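Colleague: sequence first, then the predicted structure:
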Amino acid sequence: MTNVVTDPFSGLQFVELSHVWDHGVPSYPGDPDVRMVRAVKHAQHGVLAWRVTTVMNTGTHMMAPLAYIQKGADLAALDPKTFFGNGVILDIPKKNWEMVTADDIKAATPAIEAGDIVVIVTGWSAKYSDGLEYFGEAPGLTKDAAEYLVQAGVKMVAVDTPFVDAPLATHMGPHRGGPQMKRLAPKYAEESGGDAKKDFPELNIAARTITGAGIPIIRQVGGDVDSVKGRRATLAAIPWKFEHGEACPVRMVAIFDPTGNARVEPGSKKRDGLSVYSLGHTFTQFMPEWPSSPSVDIDIVKFHARDGVYQTQWEGIMHRCTHMDAPLHVTECTPTIGEYPLWRMFGSGVVVNAPKEKWGVISGNDLENSAVKIQEGDMVMVNTGFHRKWADTDEYFAYGPGADATCAQWAIDHKLKLIGYGAQANDHPIATKLVNHGLGPTHPHLIEEWKREHGGQDPLEAFPNWEPAHKKLMCEGCIPGIENVGGDLDEVTDERCTLLVLPWRWPSGDGSIVQILAIVDPKQEFRFAPGL
């Protein structure tokens with residue numbers, strides 16, 4: 001394996017299986033390019049947030065059944081168990097115009113087992129580009145290959161090509177919505193002697209066969225996938241919990257345990273019985289947003305009745321819904337979201353019960369006194385109870401709890417991998433621009449309210465520094481902080497579990513919307529991390 005990232009606590013090895021998502025990411029013919037501008041700037045506003053406009057099938061991305069199937073399941077409806085588990089990375093090399101057949105998959109090793117995530121490597125990740133060859137002449141799966149995968153009982157299919165189907169079986173060729181590449185059918189006839197309409201008569205047939213069975217697909221797998229082909233691995237890729245969402249860029253990783261003791265590993269027959277919980281709020285058009293501009297805008301740019309497929313476009317900043325902040329968000333010339341190491345995103349963890357009332361403070365004492373002892377190298381989620389109040393209200397955003405500098409320092413001192421909060425932000429609202437910080441106060445009424453409720457104390461006496469928890473946690477400790485944790489948080493509170501979160505592989509990024517998974521094994525046989 002090349003470019004392996006090793007967890008210093010557990011020894012687990014992580015291999016990147018996704019392309020970089022950033023400026024200039026190749027877009028499909030007929031789709032708009034990704035656009036990025038600074039919505040807020042360090043020099044002017046004291047923080048950075050990119051405003052992104054993109055269709056969601058860019059880079060390495062997951063497609064829900066809704067993309068191809070009328071009334072199909074969206075990303076939010078998918079079972080979280082789908083996004084993590086045993087899998088195989090199959091080496092099936094193919095040249096221009098060649099097809100992956102059922103016989104190819106049957107002959108590849110290791111053999112597929114029911115419940116696997118299957119990655120098919122044709123060698124085309126090396127051609128990933130805005131290229132005629134890449135988008136027009138790539139291999140695809142035959143209908144019988146798709147049918148075989150469905151019959152084998154796989155739970156997700158990933159390919160290193162731009163489409164699951166041959167490009168001529170998509171709107172790149174002479175099908176509904178096409179041809180987006182007018183040169184394609186004539187070139188195919190010239191080079192192969194075939195007829196595109198006769199050889200590829202059904203639109204997206206392989207993709208529709210797989211997603212029609214409720215199985216999501218991942219397209220454009222990349223990274224170091226060629227270094228792990230022909231192997232079993234534990235595989236993970238988590239989309240946004242996106243209501244009405246048909247696609248989403250994802251970070252896909254392969255996880256290996258060199259000790260051979262991992263709970264979900266090659267040949268393991270013990271993978272039944274795991275419970276997987278989603279700790280993210282649902283991402284949707286009219287979700288609650290922190291009281292700043294700009295707002296999220298989601299458009300439907302293709303729909304089934306008109307185009308035969310469904311496609312959305314998202315415009316907004318990453319600091320919405322359940323999301324991870326990068327140091328770059330709060331301090332210039334610091335690491336981006338793409339610079340957090342993969343080992344910080346997976347491992348043993350604790351969900352701390354720390355109920356808070358109005359303007360409550362999440363302190364280091366809350367972590368120190370957790371009912372389940374926090375260990376060095378843990379991932380931690382803090383349940384304040386405010387995730388149940390997530391709404392477009394002052395109660396949640398202006399009067400909610402937040403961490404202080406002692407909480408961030410405790411996380412650094414105890415070498416936590418990551419921390420997330422069931423609250424509006426990493427910091428207390430009184431330590432933000434809602435009052436006299438940064439370009440604030442945006443909510444000057446809070447100053448007088450604070451004084452009335454705290455014996456005339458000026459809020460700057462209680463919180464003299466601007467977002468100290470953000471800056472200490474991320475810029476000093478390089479520990480990711482996650483805001484607006486929610487979903488099934490109550491189900492795993494006061495429990496030790498395995499936590500998994502995968503932000504976008506975005507080298508310029510100031511943050512990333514995420515969905516967090518909590519993995520619980522009632523049999524206590526899960527061996528991925530210490531303390532379980």
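Modeller: Looks like it arrived, so ask away.
Colleague: in the stretch 51-200 of the chain, which spans are helices?
Modeller: Using DSSP state H, counting those that start in this stretch, the helices assigned to the stretch 51-200 of the chain run over residues 102-107, 132-136, 143-151, 184-192, 196-199.
Colleague: okay if I get the ones you listed as CSV plus distance to Asp458 and mean neighbour count?
Modeller: In short, each C-beta sits where N, CA and C put it, glycine included. What follows is the helices of the stretch 51-200 of the chain, written out as CSV (distance: least, C-beta to C-beta, whole Å; neighbours: other C-beta atoms under 10 Å):
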stretch, distance to Asp458, mean neighbour count
helix 102-107, 68, 16
helix 132-136, 60, 18
helix 143-151, 64, 19
helix 184-192, 68, 16
helix 196-199, 73, 14
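Colleague: Gly230: which of those helices is closest?
Modeller: Of all these, the one in closest proximity to Gly230, counting by C-beta to C-beta, is helix 102-107 (12.1 Å).
Colleague: for Pro464, find the nearest of the helices of the stretch 51-200 of the chain.
Modeller: Of all these, helix 132-136 sits nearest to Pro464, with 54.2 Å by C-beta to C-beta.
Colleague: sorry, back to before: please tabulate the helices of the stretch 51-200 of the chain in JSON lines, including the columns distance to Leu502 and mean pLDDT.
Modeller: Converted to JSON lines, the helices of the stretch 51-200 of the chain look like this (distance: least, C-beta to C-beta, whole Å; pLDDT from 0 to 100):
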{"stretch": "helix 102-107", "distance to Leu502": "26", "mean pLDDT": "98"}
{"stretch": "helix 132-136", "distance to Leu502": "25", "mean pLDDT": "97"}
{"stretch": "helix 143-151", "distance to Leu502": "23", "mean pLDDT": "98"}
{"stretch": "helix 184-192", "distance to Leu502": "34", "mean pLDDT": "96"}
{"stretch": "helix 196-199", "distance to Leu502": "38", "mean pLDDT": "96"}
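Colleague: TSV please, covering these and showing distance to Phe14.
Modeller: Output for the helices of the stretch 51-200 of the chain, formatted as TSV (distance: least, C-beta to C-beta, whole Å):
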stretch	distance to Phe14
helix 102-107	26
helix 132-136	27
helix 143-151	26
helix 184-192	38
helix 196-199	40
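Colleague: what's the closest of those to Lys433?
Modeller: Of all these, it is helix 132-136 that lies closest to Lys433, at 44.1 Å by C-beta to C-beta.
Colleague: any idea how far that closest one is from the chain center?
Modeller: Remark: helix 132-136 is offset 27 Å from the chain centroid, using C-alpha atoms, centre = their mean, to the nearest Å.
Colleague: residues contacting it, please?
Modeller: Contacts of helix 132-136 with the rest of the structure, by C-beta atoms under 8 Å, 6 or more residues apart in numbering, involve 26, 28-29, 96, 124, 127-128, 162, 167, 172, 181, 183-184, 187.
Colleague: what about the closest residue in space to Gln220 that isn't next to it in sequence, how many residues close to it?
Modeller: When the adjacent residues along the chain are set aside, Gln220 lies closest to Thr60, with 5.0 Å between them (C-beta to C-beta, 6 or more residues apart in numbering). The tally of other residues near Thr60 (other C-beta atoms under 10 Å) stands at 29.
Colleague: residues contacting Thr60?
Modeller: Contacts of Thr60 (C-beta under 8 Å, 6+ apart): 17-19, 21, 218-223, 237, 249-252, 505.
Colleague: and for Pro216?
Modeller: Here Pro216 is in contact with Met62, Met63, Ala64, Pro65, Leu75, Leu78, Thr82, Met156, Val157, Pro239 (criterion: C-beta under 8 Å, 6+ apart).
Colleague: check it and give its pLDDT.
Modeller: For Pro216, the model assigns a pLDDT of 98.
Colleague: out of the helices of the stretch 51-200 of the chain, which comes closest to Arg176?
Modeller: Using C-beta to C-beta, the helices of the stretch 51-200 of the chain put helix 196-199 closest to Arg176, at 12.5 Å.
Colleague: got the buried residues for the next helix or strand after the closest one?
Modeller: Per DSSP states H and E, helix 196-199 leads on to helix 205-212 as the next helix or strand towards the C-terminus. Of the residues in helix 205-212, Ile205, Ala206, Ala207, Arg208, Thr209, Ile210, Thr211 count as buried by neighbour count, 16 or more other C-beta atoms under 10 Å.
Colleague: got the CA coordinates for helix 205-212 in PDB?
Modeller: Output in PDB follows, covering the C-alpha atoms of helix 205-212 (Å, rounded to 0.1, in the frame of the first residue of the first chain):
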ATOM      1  CA  ILE A 205     -29.500   0.300 -17.400                       C
ATOM      2  CA  ALA A 206     -26.800  -0.800 -15.000                       C
ATOM      3  CA  ALA A 207     -27.300   2.100 -12.700                       C
ATOM      4  CA  ARG A 208     -31.100   1.700 -12.800                       C
ATOM      5  CA  THR A 209     -30.700  -2.000 -12.000                       C
ATOM      6  CA  ILE A 210     -28.500  -1.400  -9.000                       C
ATOM      7  CA  THR A 211     -30.300   1.600  -7.600                       C
ATOM      8  CA  GLY A 212     -33.700   0.100  -8.400                       C
END
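Colleague: centre of the chain to that helix, how far?
Modeller: Between the centre of helix 205-212 and the centre of its chain there are 23 Å (C-alpha atoms, centre = their mean).
Colleague: how about stretch 515-524?
Modeller: 17 Å.
Colleague: now that stretch: buried residues?
Modeller: Within stretch 515-524, the residues that count as buried by 16+ other C-beta under 10 Å are Gln515, Ile516, Leu517, Ala518, Ile519, Val520, Asp521.
Colleague: quick one: contacts of it?
Modeller: 80, 83-84, 238-241, 263, 270, 273-280, 322, 349, 351, 381, 420, 482, 485, 487-488, 491-492, 495, 497-501, 526, 532.
Colleague: all helices of the stretch 201-350 of the chain, in order?
Modeller: 205-212, 304-307, 327-330.
Colleague: dump these into CSV; add mean pLDDT and distance to Val372 as well.
Modeller: Converted to CSV, those look like this (pLDDT from 0 to 100; distance: least, C-beta to C-beta, whole Å):
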stretch, mean pLDDT, distance to Val372
helix 205-212, 98, 40
helix 304-307, 96, 47
helix 327-330, 97, 29
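Colleague: reformat those as CSV; add distance to Ile362.
Modeller: Shown next, in CSV, are those (distance: least, C-beta to C-beta, whole Å):
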stretch, distance to Ile362
helix 205-212, 41
helix 304-307, 45
helix 327-330, 18
